[in-house]
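> sharing a sequence plus its predicted fold:
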Amino acid sequence: MTNYINLATQQLCTESEIRASHPNTSFATPFNPDGYAVVHDAGQPDYDKYTQTVQLGAPVEALPNHWEQTWSIIQLEGDQLTDAQAQKVEDEKAKIKADIAALEATITPRRTREAILAIDTTWLADVELQIGQLRQQLAEL
């Protein structure tokens, strides 16, 4: 969705809001209302969701007649930080459990038979070692 900035008030708005505030006005196609400028999306910046949050900032005129959306990265504090850190632990546990399940899924009857018959002598031991290491990481969380 394209956003616009009211050049007089510096307020951010959408096409539907502009049309609603000017019900008796016919607008050209493509939509280019007088007194407004398109706000180009600069894309949300990367941030650490376990220690930070991102908030929409005020648009800025980066070049003459070229407005861009800005973002602010805010450090989490207090309960928000505590909750985010708890979520990080839960996310890490979920990832480790998924990794264990993926490794366990590779232990098929055929692969086990091949390991027993010494066709693949190290595969089963490697998989079991990796599973053991992941379970240890899970226990430490």
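Sure thing, it's come through.
> the helix or strand hosting Val54 pairs with which strands, and in what direction?
Here Val54 is covered by strand 52-56, with elements defined by DSSP states H and E. According to DSSP bridges, strand 52-56 forms sheet pairs with strand 71-75 (antiparallel).
> now do the partner strand: distance to the chain's middle.
Centre-to-centre, strand 71-75 and its host chain are 14 Å apart (C-alpha atoms, centre = their mean, to the nearest Å).
> do stretch 117-133 as well
Distance of stretch 117-133 from the chain centroid (C-alpha atoms, centre = their mean) equals 35 Å.
> same check, this time on stretch 81-89
16 Å.
> for that stretch, give me every contacting residue.
49-51, 76, 141 (C-beta atoms under 8 Å, 6 or more residues apart in numbering). All C-beta spots, glycine's among them, are computed from the backbone N, C-alpha and C.
> over to stretch 90-100?
Against stretch 90-100 from outside (C-beta under 8 Å, 6+ apart): 131, 134-135, 137-138, 141.
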